[in-house]
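Novice: Okay, here's the prediction I keep looking at, along with the sequence it came from:
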Amino acid sequence: MKRVFVTRNLPGDSLDKLHRAGHEVDVWPEFLPPPRATLLEKAKGVSGLITMLEDKVDAELMDAAGPGLKVIAQYAVGLDNVDLEAAKLRGVVVTHTPGVLTDATADLAFALLAASARRVAEGYDYVRRGDWKTWHPELLLGPELHGATVGVVGFGRIGQAFARRARGFDMRILYFSRRRKPQAEAELGAEHVGLAELLAESDFVSLHTPLVPETLRLMNAERLSSMKEGSILINTARGKVVDTDALLTALEDGPLFAAGLDVSDPEPLPADHPLLAHPRVVVTPHIGSAGAATRVRMAEMVVDDVLSVLSGKEPTFPAKSS
């Protein structure tokens, strides 16, 4: 029998597989993540960890677990909270959940785009306040989606899935990526351009990049100020890809009409943060992958990989650097 610590309860019944395999499973029962000291204590002597994005998975945590730690299964695609080099040095396998949340995240990105453009949150607040007295030709006008130009920054699985949705609205699709994607260009009619050209020409810009040193504050004051007048920024990638202070300036004094954010910096946003007071900012609480079936499948992926590694087999979804 081996011990596995899970830093939050998972949807579905996948954890039962660990019990049936004879392993001891300790699940943190609270909604908020375990405090650091608790996480270090809970990790002692475990063979497996199932972690979330908010957990700092570093050398200290791995050493607290001890030499018996075999696998860290991240319940997410992103791994920016995991020290992959420290895991490699200690012979710990790291896995994650790629691919499964592509469509759910692309759905939300496009939902944020539509909600921001058509001022859905603003309209809802307008009705709730009792301000809706009559129909008027100039009430809550917003930019059109159909036929607009959308710029996709990062053209991996999620970026391409988002572009497919944009294509359904007959949008012109520009994309910026380190590598050209000829097959996707042919399928989607997408044009590969430089970032400066994309920002200058796009009515909507949707971010789908991982958080790596090159993308930290990618959307800084200079780039935000170079966006097309009246444009809208969508971020379902990572909060730190955008400079929050510069975003506020671009909304208040710059070219941005609106923003739709599923991620933020800081995350979560404090209730009194100025972004939340801006009438044309739509914020959701990092729910890009929150389709019910998607979240259950993610649980299945991490549990199956933990079982594989603990039984001496290769995982199905290893992190590339592990």
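Specialist: Happy to help now that I have it.
Novice: Do a quick rundown of the strands in the stretch 1-150 of the chain.
Specialist: 3-6, 24-27, 48-51, 71-74, 93-95, 149-153 (DSSP state E, counting those that start in this stretch).
Novice: What mean pLDDT does the shortest one get?
Specialist: By that I understand strand 93-95. Across strand 93-95, pLDDT averages out at 98.
Novice: Other residues contacting it?
Specialist: Contacts of strand 93-95 with the rest of the structure, by CB atoms under 8 Å, 6 or more residues apart in numbering, involve 70-74, 79, 82, 84, 87, 301-302, 305-306, 309, 315-319, 321-322. C-beta here means a position set from N, CA and C on the backbone, and glycine is covered the same way.
Novice: next one: it to chain centre, how far?
Specialist: From the chain centre to the centre of strand 93-95 is a distance of 20 Å (CA atoms, centre = their mean, to the nearest Å).
Novice: Go through the lengthiest helix in the chain and flag the buried ones.
Specialist: Identified as the longest helix of the chain according to DSSP state H is helix 292-310. Of all the residues in helix 292-310, those buried under the rule 16 or more other CB atoms under 10 Å are 294-310.
Novice: cool, and stretch 197-205?
Specialist: With burial defined by 16+ other CB under 10 Å, the residues of stretch 197-205 counted as buried are 198, 199, 201, 202, 203, 204, 205.
Novice: Tell me which of those fall in helices.
Specialist: Short answer: these in helices (DSSP H) are 198, 199, 201.
Novice: now, among these, which is nearest to residue 10?
Specialist: Proximity of these to residue 10 (CB to CB) peaks at residue 198, which lies at 37.8 Å.
Novice: JSON lines for the buried residues of stretch 197-205, including distance to residue 37 and pLDDT?
Specialist: Output for those, formatted as JSON lines (distance: CB to CB, whole Å; pLDDT from 0 to 100):
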{"residue": "198", "distance to residue 37": "45", "pLDDT": "98"}
{"residue": "199", "distance to residue 37": "44", "pLDDT": "98"}
{"residue": "201", "distance to residue 37": "50", "pLDDT": "98"}
{"residue": "202", "distance to residue 37": "46", "pLDDT": "98"}
{"residue": "203", "distance to residue 37": "48", "pLDDT": "98"}
{"residue": "204", "distance to residue 37": "44", "pLDDT": "98"}
{"residue": "205", "distance to residue 37": "41", "pLDDT": "99"}
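Novice: nearest to residue 120, of those?
Specialist: residue 204 (14.9 Å).
Novice: Surely that closest one touches residue 148?
Specialist: Yes - counting by CB atoms under 8 Å, residue 204 does reach residue 148; the two are 6.3 Å apart.
Novice: Give me the contacts around stretch 100-107.
Specialist: Here stretch 100-107 has contacts from 77, 157-158, 161-162, 164-165, 236, 288-291, 294, 297-298, 301, using CB under 8 Å, 6+ apart.
Novice: Go through it and flag the buried ones.
Specialist: Neighbour counts over stretch 100-107 (16+ other CB under 10 Å) mark 100, 101, 102, 103, 104, 105, 106, 107 as buried.
Novice: Not counting residues beside it along the chain, what's closest to the fifth one?
Specialist: The one in question is residue 104. Spatial nearest neighbour of residue 104, excluding adjacent residues (CB to CB, 6 or more residues apart in numbering): residue 291 at 3.9 Å.
Novice: Tell me the confidence at the one you found?
Specialist: Confidence score, pLDDT, at residue 291: 96.
Novice: and the gap between it and residue 256?
Specialist: Separation of residue 291 from residue 256 (CB to CB, to the nearest Å): 29 Å.
Novice: Please identify which of those two sits among more neighbours.
Specialist: Between residue 291 and residue 256, counted using other CB atoms under 10 Å, residue 256 has the larger neighbour count: 25 against 18.
Novice: who touches that one in this structure?
Specialist: Residue 256 neighbours (CB under 8 Å, 6+ apart): 224, 227, 231, 232, 233, 247, 250.
Novice: partner residues bridging the third one?
Specialist: For residue 231, the beta-bridge partners are residue 256 (DSSP bridges).
Novice: Make 151 the first number, not 1, from now on.
Specialist: All set: I'll call the first residue 151, so the last point we hit is now residue 381.
Novice: how close does it get to residue 370?
Specialist: With CB to CB as the criterion, residue 381 and residue 370 are 16 Å apart.
Novice: And those two? Which one has more around it.
Specialist: Per other CB under 10 Å, whichever of residue 381 and residue 370 has more neighbours is residue 381, with 26 against 14.
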